[in-house]
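# Sequence and predicted structure below; questions after.
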Amino acid sequence: MRLHPAVIGAAEEVLREVMRFTGPADVTLSRYFKEHPKLGSRERNAVAEGVYAVLRNKLAYASFSESGQGSAMRRIALLGLGETVGADALAGLSEEEAAWLNRIAQIDRQSLPINLRTNMPQWLLDKLLARDGEAAALALADALNRPAPLDLRVNALNWKREDVIAELAKAPIVCEPTPYSPIGIRVPKKPALQNLPLFKDGAIEVQDEGSQLLALILGAKRGEMVVDFCAGAGGKTLALGAAMRNTGRLYAFDVSEKRLAKLKPRLARSGLSNVHPVVIAHENDAKVKRLVAKIDRVLVDAPCSGLGTLRRNPDMKWRQTPETVAELTVKQASILASASRLVKPGGRLVYATCSLLDEENEAIAQQFLAANDSFSLLPMRDVLAEQKIALEMQDYLKLLPQVHQTDGFFAAVFVRNK
Ligand SMILES: C[S@@+](CC[C@H](N)C(=O)[O-])C[C@H]1O[C@@H](n2cnc3c(N)ncnc32)[C@H](O)[C@@H]1O
């Protein structure tokens with residue numbers, strides 16, 4: 001059955017706002033759907049898929065849209081919808097438009113110049129080419145430009161992965177265990193989960209496998225004092241609280257009251273009572289100082305460019321610039337320096353990002369080590385062996401979508417010697 005003709009106009013309209021890149025695309029889409037309640041769920045999905053395809057393929061589509069008729073934004077919307085739901089599903093296409101979409105579909109994308117093939121902003125493409133070379137940069141861009149699967153984390157406090165997989169199969173939801181995280185489940189399709197008893201009972205949370213691994217390498221244990229310094233809506237906090245078997249004390253810091261508020265309902269579902277959310281004004285807040293040298297393990301899941309998560313947030317590549325990245329690196333170094341003071345001798349500090357850029361990753365870790373002789377690096381291969389995670393790494397954790405089928409993540413583990 002064809003989609004309602006309103007889909008094309010809706011995609012065009014919402015793209016006008018999304019393509020200004022003044023805020024996250026998912027927020028703009030949710031607001032648009034709230035303001036347009038008559039769009040059915042099939043139509044909403046089609047609009048969202050079409051918009052995300054445009055964000056993934058922006059440069060190629062801009063080039064393709066130089067031909068065709070109608071407003072430029074309609075042509076761009078048609079390209080996104082044509083790529084995702086297919087021209088045959090669209091009602092309201094003129095004959096010329098259908099023929100044009102058909103012609104565009106015949107173009108061999110491999111024959112396009114590298115900037116149109118990768119659909120990366122030039123500054124980012126230049127960085128990836130200089131660091132990785134053409135073949136690796138193309139493979140990375142290709143993986144980043146594909147939608148991610150849906151990964152779930154099992155709440156290890158009360159649930160076993162195999163039992164959750166068996167329950168999901170009854171729904172019926174096809175899924176499989178994730179290869180590296182012992183508490184992860186991968187769902188290739190994207191079913192709605194919110195109404196499943198498993199979700200309501202806190203047995204599962206949506207979380208990329210890479211993100212699960214970042215929580216695991218902190219190695220948090222029963223009865224410990226742990227700080228999740230940049231907790232946000234608590235994706236990793238929940239994993240840490242369960243790893244601590246709901247004992248000890250887990251502080252969830254963040255400067256954003258709004259993000260921390262989103263942790264509350266998730267905490268209620270999870271059954272955890274060892275988590276203490278704390279809004280801080282900045283990384284040097286007096287609330288931080290009170291815990292100096294008292295904490296066993298500190299996770300710094302730093303604010304970053306998010307360029308490792310382009311599979312889910314393709315707008316990030318158009319919203320970041322060399323200047324925003326430079327600002328972030330100053331913040332990252334400052335947060336890591338302040339958070340490190342909390343770690344007690346013998347304690348562990350993890351610095352993590354979902355960025356792919358060396359300046360947000362290795363450079364921050366190395367700069368920190370150079371300035372802090374009380375900390376040393378715990379090689380990632382040792383940390384992974386300790387956690388029984390079957391991943392080959394050297395000093396750092398570097399997860400890549402084209403290799404590990406996760407989002408792009410970086411992590412360094414430090415131990416305080418004195
Ligand atoms: C990568 S996100 C955290 C995601 C979260 N850990 C999760 O797993 O869902 C980074 C977070 O750092 C927070 N942040 C930014 N500046 C901060 C600061 N100075 N101190 C603490 N948190 C900060 C942001 O509000 C954001 O929620």
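Ah, there it is.

# residues making contact with the strand ranked longest in the chain?
Taking DSSP state E as the criterion, the chain has its longest strand at strand 343-353. The contact list for strand 343-353 (Cβ atoms under 8 Å, 6 or more residues apart in numbering) reads 214, 217-219, 293-302, 304, 308, 332, 336, 339-340, 360-361, 364-365, 368, 375, 378, 397, 409-418. Where you see a C-beta, it was placed from the backbone N, CA and C, and this is true even at glycine.

# What of stretch 121-130?
For stretch 121-130, using Cβ under 8 Å, 6+ apart, the contacting residues are 114-115, 118, 120, 136-137, 140-141, 307, 317-318, 320-322, 356-357.

# Helices of the stretch 1-150 of the chain, residue ranges please.
6-18, 25-35, 41-56, 58-64, 72-84, 95-105, 114-118, 122-132, 134-144 (DSSP state H, counting those that start in this stretch).

# what's the helix or strand for N246?
With secondary structure defined by DSSP states H and E, N246 is part of neither a helix nor a strand.

# Kindly list the main-chain dihedrals of whichever residue of the stretch 51-200 of the chain sits closest to the ligand?
Of all residues in the stretch 51-200 of the chain, R153 sits closest to the ligand, at 10.6 Å by Cβ to the nearest ligand atom. Phi and psi for R153, reported as degrees, to the nearest 10, are phi -110, psi 130.

# which residues touch the nearest residue to it once chain neighbours are set aside?
Nearest in space to R153, with sequence neighbours left out and distances taken as Cβ to Cβ, 6 or more residues apart in numbering, is Q207 at 4.2 Å. With contacts defined as Cβ under 8 Å, 6+ apart, Q207 is in contact with 151-153, 184, 235, 239.

# any idea how far H282 lies from V14?
From H282 over to V14 the distance is 35 Å, taken as Cβ to Cβ, to the nearest Å.

# Comparing these two, which shows the higher neighbour count?
A side-by-side neighbour count of H282 and V14, using other Cβ atoms under 10 Å, places V14 first with 23 against 11.

# what does stretch 93-109 contact?
8, 60, 64, 67-70, 75, 78-79, 82, 87, 117.

# could you redo the last one with a cut-off of 6 Å?
Residues outside stretch 93-109 that contact it (Cβ atoms under 6 Å, 6 or more residues apart in numbering): 64, 68-69, 82, 87.

# got CSV for those, with neighbour count too?
What follows is these, written out as CSV (neighbours: other Cβ atoms under 10 Å):
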residue, neighbour count
F64, 22
G68, 19
Q69, 10
G82, 24
A87, 18
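
# Show me which of those is closest to D228.
The nearest member of those to D228, counting by Cβ to Cβ, is G82 at 42.9 Å.

# For the longest helix along the chain, buried residues please.
Longest helix in the chain, counting residues (DSSP state H): helix 322-340. Neighbour-count burial for helix 322-340 flags 325, 328-329, 332-333, 335-340 (criterion: 16 or more other Cβ atoms under 10 Å).

# can I get these in JSON lines with pLDDT and distance to R109?
Shown next, in JSON lines, are these (pLDDT from 0 to 100; distance: Cβ to Cβ, whole Å):
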{"residue": "V325", "pLDDT": "98", "distance to R109": "28"}
{"residue": "L328", "pLDDT": "98", "distance to R109": "32"}
{"residue": "T329", "pLDDT": "98", "distance to R109": "34"}
{"residue": "Q332", "pLDDT": "98", "distance to R109": "35"}
{"residue": "A333", "pLDDT": "98", "distance to R109": "39"}
{"residue": "I335", "pLDDT": "98", "distance to R109": "40"}
{"residue": "L336", "pLDDT": "98", "distance to R109": "40"}
{"residue": "A337", "pLDDT": "98", "distance to R109": "45"}
{"residue": "S338", "pLDDT": "98", "distance to R109": "46"}
{"residue": "A339", "pLDDT": "98", "distance to R109": "44"}
{"residue": "S340", "pLDDT": "98", "distance to R109": "46"}
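
# and the stretch 251-400 of the chain, which residues reach the ligand?
Within the stretch 251-400 of the chain, the residues that sit near the ligand (Cβ under 6 Å from any ligand atom) are 253-256, 259, 280, 282-283, 301, 303, 335.

# Not counting its neighbours along the chain, what's nearest L267?
Spatial nearest neighbour of L267, excluding adjacent residues (Cβ to Cβ, 6+ apart): V275 at 5.8 Å.

# Hmm, I typed the wrong one, I wanted A25.
D315 (4.1 Å).

# From the contacts of stretch 121-130, list just the buried residues.
Among the contacts of stretch 121-130, those scoring as buried are 118, 120, 137, 140-141, 307, 317-318, 320, 356-357 (criterion: 16+ other Cβ under 10 Å).

# Noted, bye for now.
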